[in-house]
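Enquirer: from the sequence below, what's the structure:
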Amino acid sequence: MLFNIFIKYMMGDIIDITKLNIGEIYANTIQTIIDIINDIVFLTNDTYYNNDYKKLYNNIFNIIFKNDRIFYVGIIFIILSFVIYFIDGVSI
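Expert: Down below sits the predicted model:
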């Protein structure tokens, strides 16, 4: 799998995150959130009548961790962890 990612990077399919500025990272993170929500909505509409939840969970995992979204999903998880940490700290 690592070799495939290296080949995609060498071919230019994967963005070099060291060359992105804060504005581009912000815009791409927001767009990634929108894309993930749209993909999950379309997926749940398709699998609502099938009742195949194992396939649904597998497809949600694949939607969240697509190659071009991994970095931005990491940023989203870090922001969510800070929010949960501060909410937990305030509730004590």
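Enquirer: secondary structure element for Ile34?
Expert: Secondary-structure assignment from DSSP states H and E places Ile34 in helix 22-47.
Enquirer: and that helix, how far out from the chain middle?
Expert: 7 Å (C-alpha atoms, centre = their mean, to the nearest Å).
Enquirer: what is that helix packed up against?
Expert: Contacting helix 22-47 under the criterion 3 or more C-beta pairs under 8 Å, 6 or more residues apart in numbering; DSSP states H and E are the following elements: helix 53-64, helix 70-90. C-beta: built from backbone N, CA, C; applies to glycine.
Enquirer: contacting residues around the last one?
Expert: Spelled out, that is helix 70-90. For helix 70-90, contacts defined as C-beta atoms under 8 Å, 6 or more residues apart in numbering pick out Ile17, Ile25, Asn28, Thr29, Thr32, Ile33, Ile36, Ile64, Phe65.
Enquirer: repeat that with 7 Å
Expert: Residues lying outside helix 70-90 but in contact with it, judged by C-beta atoms under 7 Å, 6 or more residues apart in numbering, are Ile17, Asn28, Thr29, Thr32, Ile33, Ile64, Phe65.
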